[in-house]
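Undergrad: Generate a structure from the sequence data that follows.
(4 chains)
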Protein chains: 4
Amino acid sequence: MPSVAAPAPPPAAVALEPRYRQVRAASRALAAPLSAEDAMVQSMDDASPAKWHLAHTTWFFERFVLEPVGQAPLRPEWNYLFNSYYDSAGPRHPRPRRGLLSRPSLEEVLEYRERVDARVLQALQAGDLPAVARDRLELGLHHEQQHQELLLTDIKHALWSHPLRPAYRDDLPAPPAAAPMPLAWIAVDERIVRIGAPRWPQAPGFAYDNESPRHRALVPAHALASRPVSNAEYRGFVEDGGYRAPALWLSDGWAKVRAEGWQRPLYWEPDLERAYTLGGLRALPAHAPVCHLSYYEADAFARWAGARLPGEAEWEQAAAPLAAEGHFADDGLLQPRPATAAGLQQLYGDVWEWTGSAYLPYPGFRPWQDATGEYNGKFMCGQWVLRGGSCATPRGHVRASYRNFFPPHARWQFSGLRLARDAA
Amino acid sequence: MPSVAAPAPPPAAVALEPRYRQVRAASRALAAPLSAEDAMVQSMDDASPAKWHLAHTTWFFERFVLEPVGQAPLRPEWNYLFNSYYDSAGPRHPRPRRGLLSRPSLEEVLEYRERVDARVLQALQAGDLPAVARDRLELGLHHEQQHQELLLTDIKHALWSHPLRPAYRDDLPAPPAAAPMPLAWIAVDERIVRIGAPRWPQAPGFAYDNESPRHRALVPAHALASRPVSNAEYRGFVEDGGYRAPALWLSDGWAKVRAEGWQRPLYWEPDLERAYTLGGLRALPAHAPVCHLSYYEADAFARWAGARLPGEAEWEQAAAPLAAEGHFADDGLLQPRPATAAGLQQLYGDVWEWTGSAYLPYPGFRPWQDATGEYNGKFMCGQWVLRGGSCATPRGHVRASYRNFFPPHARWQFSGLRLARDAA
Amino acid sequence: MPSVAAPAPPPAAVALEPRYRQVRAASRALAAPLSAEDAMVQSMDDASPAKWHLAHTTWFFERFVLEPVGQAPLRPEWNYLFNSYYDSAGPRHPRPRRGLLSRPSLEEVLEYRERVDARVLQALQAGDLPAVARDRLELGLHHEQQHQELLLTDIKHALWSHPLRPAYRDDLPAPPAAAPMPLAWIAVDERIVRIGAPRWPQAPGFAYDNESPRHRALVPAHALASRPVSNAEYRGFVEDGGYRAPALWLSDGWAKVRAEGWQRPLYWEPDLERAYTLGGLRALPAHAPVCHLSYYEADAFARWAGARLPGEAEWEQAAAPLAAEGHFADDGLLQPRPATAAGLQQLYGDVWEWTGSAYLPYPGFRPWQDATGEYNGKFMCGQWVLRGGSCATPRGHVRASYRNFFPPHARWQFSGLRLARDAA
Amino acid sequence: MPSVAAPAPPPAAVALEPRYRQVRAASRALAAPLSAEDAMVQSMDDASPAKWHLAHTTWFFERFVLEPVGQAPLRPEWNYLFNSYYDSAGPRHPRPRRGLLSRPSLEEVLEYRERVDARVLQALQAGDLPAVARDRLELGLHHEQQHQELLLTDIKHALWSHPLRPAYRDDLPAPPAAAPMPLAWIAVDERIVRIGAPRWPQAPGFAYDNESPRHRALVPAHALASRPVSNAEYRGFVEDGGYRAPALWLSDGWAKVRAEGWQRPLYWEPDLERAYTLGGLRALPAHAPVCHLSYYEADAFARWAGARLPGEAEWEQAAAPLAAEGHFADDGLLQPRPATAAGLQQLYGDVWEWTGSAYLPYPGFRPWQDATGEYNGKFMCGQWVLRGGSCATPRGHVRASYRNFFPPHARWQFSGLRLARDAA
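TA: Just a heads-up that it's a prediction; the model follows:
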């Protein structure tokens, strides 16, 4: 039975304490370019203010690490403000109203972060954290990395929503110029593969519960594109009338196109030559991966191109043998970069790749059996899986089995696509 | 490789003409208890008036069978009224406004049916229909059977929406009394099965394009319940506070429960002892399958019961060896009937069974390559598969590979559930 | 003190019984061209199905005339269906869902009318009705006449909402051709006038409670136009860009223009030459009064014309000396007719004239002190007064003191305008 | 003819420059307790962030005073951000999205204020402002005072919307304790009075255009309450089931009560003993005027009390002889104060008094004939007049002829009521 090799053991585990310091500092650094006022903007219901991300991730450690070991919360009344969606953690402030929270101030939130950090680090150093708490701490770091990416996507939307379109940072470089890279097809025979991750924390190597259990899957014969679809290719779709041709779209997607007046990807200017980036309005790099697409747009493009989106098992069996390396947020570009080599490229980083897989439980899936069981499982309805991470994902956060998910209309993430096609 | 046997060849094919007569007459018979006014009610956007169903199914034959062989439509201006969702067939009347169509009258629609029938039958008898038209005719009959079920579910909702709750028919019998039937679990080992149907019309035996291609699927080790969940069992969930326990629900489902104030299945009275049926308000038969559940409710019940919904491959491999026999609309009861035997029961008929499978294309799926390609494929987003047919489905309409689909909040169909569970 | 003469005594009062027969028969006649299906259409929340009007007006007699004299209702369960807005008469079917009432059928409603008529007439003939019941009967007749006009305006909207735009009656004549009639200004000095009607039934001569008490009002010096604004004049406003010039509009009106995409009066075709009428699509008579305007449009036109709308006291002091004669529904044209004479014309009939007066209680106003007190007073907020009746008003229904009222966005009534201007 | 004396000449006019300094400083002082984050909150569409008020009022001077005398705007791109509703001043940022404007920062806005102030003062001192510009400056000061009150009412709503209910200022005193003051009725015979203000700037003494022209009005015989309705009295209405009795309410008001679940005035706690104030949650002073009522509530209370709301002419003829003195924002209490004397009390200050008058043009009204003509006239639809100013109005801002206006559902202003009744 052909199979994908078991996932590589995690890189020599960095001790928890330095990682805690690193991850927490990274969030703070992402917020550094923002004024207290910028950090409060909520430009749509799906997004959150940067300040809220900073506070919520801190609350997560307080609630799930410190409280279980007997440390009363510093500000019990903030539980209501910074609980995101944990029904088991009590009532919470309505998500669409997070932008109204002028109190606590950004300054108070940053101080709150410091005080919680001091408590966590002291507990770590004192060896006061039992295994379960250390696991929760591990989870909290991955959780915070997710919010680092959301902080970037949400502030991008917030500043773009401002009529004057200010930049998040004025000092971001442009992506390197590049010649177009021909697209090749990597053919794969039908096979049974093992995908997913062994159940953590029983098995070593962190993975979310939704990546488990590791299990057999039947991958059909198909071919996978060597790289994501580029801006230039997507522009061809736009110029060919893709947004005016109902036959190319899912029914719900076409309804959305008409209701919202979509004519091009989010953040593109009408001239199809410029797009808003975290560095402000910039020329669109023709050969970089297209991003800020909804599932509907990715699917319609694939249909127009005579192809389809890959299934998540197809994607994972291609990615599993490779190291999870690529262009991530830490590179400080914050927009996708053109492919610069032939062969299977950019599976990790640059853009999240929409798959054709609905976000569903794997066979034998069980949510974590405590409050963190609300983390993933309850969202397994109406969403689609994206794979591979993006230019806004922290390096080291994703892996072959990582399953990101969003509803099909979402397009404020750095989401693009890679084509697949059935075997002839 | 363990596999399910190929689907049985279709029962000795009944010639097209008598089947055409039978199916068309059956629609007319379903509308017989309705006044012209009843036949015009549209009680929600998802439902259509009975008159519209009668006209639309007729339009389908005119548009897809007669026009291609050169017969001009009888009433060209009705194309706008009775096109459902075919973008390639031109603009159309908005679905939520179908209830405003006082013209044509029911009488005119019935006359339209007769005139189209005469044309179709004459063409059939004269041998004027080429193979492609005969295939479209075949499709049109299956299409009409789908609308027969919708006519029943839509009129049920329409009459229940009336403050006085009139019956569709006053002469419907009650289901037979029955003792509770113990639920058994049928264990199945991991296996590769073949599911789906060969592509029609290239292969004989009608199937929708979404059932194709027939393909290998990996079924995990699991156990399947011998019968659907009963009203009494579901009542236990309600009385245990199932509708007040967020931990049992998908996030979207819980939002719906709260937004709509759901406290029990659609059509149940607050006393949990009576429910509205097509025969009016009736005592709820304790051991008949529960129905009029949304996917959210089916899923929450399964979680409460420590089980899950079956995947569609699991369901199909169990159903494929069995004849597609059971309790269908033709039996004239129009509500589910209690199980009366041990062993695997009621896979066909009684209630549609929600599966845990999102409605997605099979590997290698291609929509039909003409106007009928809009029939199924464009809806493969945001919906879930149901299997097996119901007490409102015409006998002979479903088969093992049949894939019905509805969005997760829909509960006006005769939709229930059968439990499955992972192998220990 | 200059003053308007007291209103003329009512024309030799026709006895109640023949009037009852006449009014009831007139409603029936208005519904005659409609099928049961047409009579069930509700094309917007503000409108009601014709069948509902027929039933509600009958319910009014049963509830307010027969029940108080001890006659139990024929169908007590219909109270819920046909109560319009009387909180004191119990709960009621939501207005936007009146179109779902396939039961009772039109036939049953007509039979209900006959049975209630028999009871009323028998009681009348037997002299069983005390004075208060006879007053209620009187009120019920005026009430029914209001619904006769609504039946026409609502069915006009319903049939126009049908994509095929069928006519209500195919046999309606065209209005007579006419030369343009110059507009003259009738100047009035500042004066104190008496307006309104003595309180009925204490005083003879029916009037609604909102017309009382008769009271002094100060009318400023002004001039009133001799006739309503014509279609040709309004077309000038449209062609001059009136619908694109925010400076001409009230703020709420401009918001409505943009939200609804208004570009011309309701029922006008884009060519500004044809309009939908109860007789189907017809050429627009250039010199007939413009109608189907909202208050916003009437007000914007007046501003464009350098004028304003008249106040209701201004209108009433002009109309009071005149007999309430003109072009009404009984003339069987059902659209406004061009002015054919000089001098003050068309105050009564043809089109309701929007005034610049908000619909407010007169000084000393008291609602009737029983269930009918809900008839008028509770609507004195957010609406505007219209005066004079229209081509869809039954002859004899209006009088100088009559106050019709609608919200400012309403334009499905036969509503037009007459200009006024301040004294130089 | 009985008449009210002409309005007193304005107090010895304070020169424009010191008044400019004083008014501008007062706005700045009101914002002083707010952080940059507080100053950005927009808690509902009707309200604006404090920062926006500070910027918009400055833009007003730049646009309407400095630009016409040839001074280019400091930040032309801010015209889009800080234009409120002047169609003639170009397109503008949508009102419901003012809370998203993190840029410019509060600090930048305050600097903008200083730079514009420097320009204005220099122009004033240099004598560079022609009469029309000086009139615009005058208008701008009154405009800014209106926004001072709005800043207070908007920030009150914003902070109350925060789940932790922080205070605007922690140092606000409580209102003085007081014994209940009996309510007396001041009877007035029918009379013709002169109300309104001579047209400014042609006449001296600032007044908005909507107060003009001064004109005769007929006031009916009536009696006016000596003081506003108190919290204790309004509590009696609540406890008597006022919010559950449809017969007391206008139809639109009752719909609002049910749709919003209103059970008491805005900001009252369910115990009816405490209310949120700008100083945080406080005991409700029993004998202070009730406030934060909608028109619907004021009207329903009056009906319950067997009275009605006064007309604006009734109110003005009572207020005109009195000096416009009372309890205003400058007193630093920021909540209404109990009456402490007999006789006609509190016409000015404490609470705005809803009148029974719809906000309509006076006979002969003409808006100002330039861009400022959009100030008042275009809102004369769907709103009601309030009179007298409140505890949040700057001292010196209101006068007898001052007409404030809000839609009937608005209740976030300091709005209460005074009763009137018809003469027996």
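
Undergrad: now A:Gln148: how far from chain C?
TA: According to C-beta to the nearest C-beta, to the nearest Å, A:Gln148 and chain C sit 40 Å apart. Glycine gets a C-beta too; all of them are placed from N, C-alpha and C.

Undergrad: now swap in A:Pro73 and tell me
TA: 47 Å.

Undergrad: what does A:Ala313 give?
TA: As judged by C-beta to the nearest C-beta, A:Ala313 and chain C stand 48 Å apart.

Undergrad: Contacts only, for the residue of the stretch 1-150 of chain A found nearest chain C.
TA: Residue of the stretch 1-150 of chain A nearest chain C, by C-beta to the nearest C-beta: A:Met44 (21.2 Å). Contacts for A:Met44 were tallied using C-beta atoms under 8 Å, 6 or more residues apart in numbering or on different chains; they are A:His157, A:Ser161, A:Trp412.

Undergrad: Go through chain A and flag its longest strand.
TA: Scanning chain A for the longest strand, with DSSP state E as the assignment, gives strand A:352-358.

Undergrad: Tell me which strands it pairs with, and in which orientation.
TA: strand A:384-387 (antiparallel), strand A:415-416 (parallel) (DSSP bridges).

Undergrad: that older thread, filter the contacts of A:Met44 down to the ones near chain D?
TA: Counting by C-beta under 8 Å from any C-beta of the partner chain, A:Ser161 from the contacts of A:Met44 sit close to chain D.

Undergrad: residues in chain A within reach of chain D, list them.
TA: A:35-38, A:40-43, A:77, A:80-81, A:93, A:97, A:99-103, A:105-106, A:158, A:161-164, A:166.

Undergrad: and the contacts of A:Met44, which of them are in helices?
TA: Judged by DSSP state H, the contacts of A:Met44 include A:His157, A:Ser161 as members of helices.

Undergrad: re earlier: restrict the residues of chain A next to chain D to the buried ones and give me that as a PyMOL selection.
TA: Applying 16 or more other C-beta atoms under 10 Å in any protein chain shown to those leaves a buried subset, and the PyMOL line that selects it is:
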select buried, chain A and resi 36+37+38+40+41+42+43+81+93+99+100+101+102+103+105+106+158+161+162+163
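
Undergrad: Which parts of chain A are strands?
TA: Here chain A has its strands, by DSSP E, at A:185-188, A:191-195, A:215-219, A:222-225, A:274-277, A:280-283, A:352-358, A:384-387, A:404-406, A:415-416, A:420-422.

Undergrad: Highest mean neighbour count out of those strands?
TA: Among the strands of chain A, strand A:415-416 has the highest mean neighbour count (mean count of other C-beta atoms under 10 Å in any protein chain shown), at a mean of 29.

Undergrad: what's the neighbour count on A:Gln122?
TA: Neighbourhood size, A:Gln122 [other C-beta atoms under 10 Å in any protein chain shown]: 11.

Undergrad: ok, and the closest non-adjacent residue to it?
TA: Among residues not flanking A:Gln122 along the chain, A:Asp128 sits closest, at 7.9 Å (C-beta to C-beta, 6 or more residues apart in numbering or on different chains).

Undergrad: And that neighbour, what's its pLDDT?
TA: In this model, A:Asp128 is scored at 87, pLDDT.

Undergrad: Hmm, it is touching A:Gln71, no?
TA: No - with contact defined as C-beta atoms under 8 Å, A:Asp128 does not reach A:Gln71; the gap is 9.3 Å.

Undergrad: Between these two, which is the more surrounded one?
TA: Between A:Asp128 and A:Gln71, A:Gln71 has the larger neighbour count (other C-beta under 10 Å), namely 16 against 13.

Undergrad: what's the distance between the more buried one and A:Ala123?
TA: Note on A:Gln71: its distance to A:Ala123, by C-beta to C-beta, to the nearest Å, is 8 Å.

Undergrad: any idea of the pLDDT on the residue in chain A that chain C sits nearest to?
TA: At 14.5 Å from chain C, A:Gly261 is the closest residue in chain A, using C-beta to the nearest C-beta. As predicted, A:Gly261 sits at a pLDDT of 98.

Undergrad: now do A:Pro104
TA: On the pLDDT scale, A:Pro104 is placed at 98.

Undergrad: cool, and A:Ala342?
TA: pLDDT, A:Ala342: 88.

Undergrad: repeat for A:Ser3
TA: 38.

Undergrad: Do I have it right that A:Leu281 meets A:Ala275?
TA: Yes - under the criterion of C-beta under 8 Å, A:Leu281 makes contact with A:Ala275 at 7.4 Å.

Undergrad: Could you list the domains of chain A?
TA: As recorded under automatic domain parsing, the domains making up chain A are A:16-161, A:185-422.

Undergrad: show me where pLDDT drops low in chain A?
TA: Applying pLDDT under 70 to chain A picks out residues A:1-14.

Undergrad: so how far is A:Glu67 from the residue located most distally from the centre of chain A?
TA: The outermost residue of chain A, judged against the average C-alpha position, is A:Ala126 (34.1 Å), by C-alpha atoms, centre = their mean. For A:Ala126, the distance to A:Glu67 equals 17 Å [C-beta to C-beta].

Undergrad: ok, now A:Arg337?
TA: Distance of A:Arg337 to A:Glu67, computed by C-beta to C-beta: 42 Å.

Undergrad: out of the two, which sits in the more crowded spot?
TA: Higher neighbour count among A:Arg337 and A:Glu67: A:Arg337, with 21 against 15, using other C-beta under 10 Å.

Undergrad: Which of the domains of chain A sits closest to D:Pro289?
TA: Proximity to D:Pro289 (C-beta to C-beta) singles out domain A:16-161 among the domains of chain A, at 29.1 Å.

Undergrad: quick one: that closest one to chain centroid distance?
TA: When distances are taken as C-alpha atoms, centre = their mean, to the nearest Å, domain A:16-161 is centred 17 Å away from the chain's centroid.

Undergrad: Next, the distance between the ends of that domain.
TA: Taking C-alpha to C-alpha, to the nearest Å, the first and last residues of domain A:16-161 lie 38 Å apart.

Undergrad: Same check on stretch A:202-220?
TA: Termini of stretch A:202-220 sit 31 Å apart (C-alpha to C-alpha).

Undergrad: now check it, is it near chain B?
TA: Yes - part of stretch A:202-220 sits near chain B under the criterion C-beta under 8 Å from any C-beta, namely A:His215, A:Arg216, A:Ala217, A:Leu218, A:Pro220.

Undergrad: of the residues you listed, closest to B:Asp422?
TA: Out of those, the member with the shortest distance to B:Asp422 (by C-beta to C-beta) is A:His215, at 10.6 Å.

Undergrad: give the contact list for the closest one.
TA: A:Arg194, A:Ile195, A:Gly196, A:Tyr362, A:Pro363, A:Gly364, B:Pro220 are the contacts of A:His215 under C-beta under 8 Å, 6+ apart.

Undergrad: If we use 7 Å, what do you get?
TA: A:His215 makes contact with A:Arg194, A:Ile195, A:Gly196, A:Tyr362, A:Pro363, A:Gly364, according to C-beta atoms under 7 Å, 6 or more residues apart in numbering or on different chains.

Undergrad: again with A:Tyr80
TA: Counting by C-beta under 7 Å, 6+ apart, A:Tyr80 has contacts A:Pro91, A:Arg92, A:His93, D:Pro163.

Undergrad: got the residues you listed as a markdown table, with distance to chain C columns?
TA: Listed next are those as a markdown table, based on distance: C-beta to the nearest C-beta, whole Å:
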| residue | distance to chain C |
| --- | --- |
| A:Pro91 | 32 |
| A:Arg92 | 33 |
| A:His93 | 31 |
| D:Pro163 | 32 |
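
Undergrad: and stretch A:147-166, which residues are buried?
TA: A:147-163.

Undergrad: no no, stretch A:81-99
TA: Result for stretch A:81-99 [16+ other C-beta under 10 Å]: buried residues A:Leu81, A:Phe82, A:Asn83, A:Ser84, A:Tyr86, A:Asp87, A:Ala89, A:Arg92, A:His93, A:Arg98, A:Gly99.
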